[in-house]
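>>> I would like to see how this sequence folds:
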Amino acid sequence: MIERERVKKRQESEIEKKKDIAEGKTLPKEKYFDRDSSKVETFKSVCKKAVDVLTIANLEGYGESARKVCIEMMKMVFEHLRKELKKAGEVAPRKVIDIG
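Numbering: from 1, shown residues only. Reported below is the predicted structural model:
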């Protein structure tokens, strides 16, 4: 009987904590931030690789047709990021103008 009351109180307490988190009254426990920080680190790593690789200097030595394909892929990435920034309500650069 006493154990049932403890379990019930613990469950009610957990429900109350989740409700407070959902309403923004309290922050979730640190473990939630650990998972989020892992995602952020992964995103940083991908961004760093993209910034390091997606440069005109890295296209030197490619044939003209391969260079054009790489530039088209860079435009595709730019266009994707522009749309995602717009969805997020951030200022997005204007659409890529095709010069070639």
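
>>> where does the chain have low pLDDT?
Residue ranges of the chain with pLDDT under 70: 28-35, 92-100.

>>> the residue positioned nearest the centre of it and Val91, how far apart?
Nearest to the mean C-alpha position of the chain, by C-alpha atoms, centre = their mean, lies Phe43 at 5.9 Å. Between Phe43 and Val91 the computed distance is 20 Å (C-beta to C-beta, to the nearest Å). Every C-beta, even on glycine, is put in place using the N, C-alpha and C of the backbone.

>>> kindly report the same for Cys70.
When Cys70 is compared with Val91 (using C-beta to C-beta), they lie 27 Å apart.

>>> more crowded one of the two?
Cys70 (16 against 7; other C-beta atoms under 10 Å).

>>> list the residues that contact the more buried one.
Applying C-beta atoms under 8 Å, 6 or more residues apart in numbering to Cys70 gives the contacts 59, 62.

>>> got the domain ranges for this structure?
Domain ranges of the chain: 1-51, 54-89, per automatic domain parsing.

>>> buried stuff in the last one?
Neighbour counts over domain 54-89 (16 or more other C-beta atoms under 10 Å) mark 70-71, 74, 82 as buried.
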